[in-house]
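Asker: Quick one, fold the following:
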Amino acid sequence: MTRKITFIDRILSSQFFKEALDKGEDLMANNKYGLLNLVKRALQKVNETAEQSNLSVVRLLNHYIVLFSQLIKAYVQGTYRKLPAVTLAKIAAVLIYFISPFDFIPDLLPIIGFTDDLALVLWVGKSIKQELDEFEKQM
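Answerer: All right, here's what the predicted structure looks like:
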């Protein structure tokens, strides 16, 4: 019996995500200031997106991008170190993927262009939900 390939599987196996993951791992290992710049750019993009739309999916995207950004800031500041570096690299990769206008489904396509971004953000959020809940309690 073969396993059905899901939408998230296609995103994760795309060249776009692989490049974002490589960049995320590099930032985690070598460039803490680059991580902070990434956070700034992701927050700018999600704020612009939220201003342009009142859709509940955009609010959900906003929630996770803000939470991921706070988590990375806390890591860089040394105030939260409970997540493994590989998990933080995945979060960084998601933020890199999110700010890139050219990915699996280009953001230039209205509404539908954020489908892959949202799927990826929700996938990471779901996979580390317990850790995110614990982080939110400590904030």
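Asker: residue closest to the middle of this protein?
Answerer: Against the mean C-alpha coordinate of the chain, by Cα atoms, centre = their mean, the closest residue is V94 at 3.0 Å.
Asker: and that residue, what pLDDT?
Answerer: Per-residue confidence for V94 comes out at a pLDDT of 94.
Asker: Following element in sequence after the helix or strand encompassing it, please.
Answerer: Secondary structure assigned from DSSP states H and E places V94 in helix 85-99. On the C-terminal side of helix 85-99, the closest following helix or strand by DSSP H and E is helix 115-127.
Asker: what stretches of this protein score poorly on pLDDT?
Answerer: Low-confidence regions of the chain, defined by pLDDT under 70, span residues 1, 54, 107-111.
Asker: re earlier: show me what the helix holding V94 packs onto, helices and strands only.
Answerer: Counting contacts by 3 or more Cβ pairs under 8 Å, 6 or more residues apart in numbering; DSSP states H and E, helix 85-99 packs against helix 15-30, helix 32-52, helix 56-77, helix 115-127. To be clear about C-beta, it is placed using only N, CA and C from the backbone, and glycine gets the same treatment.
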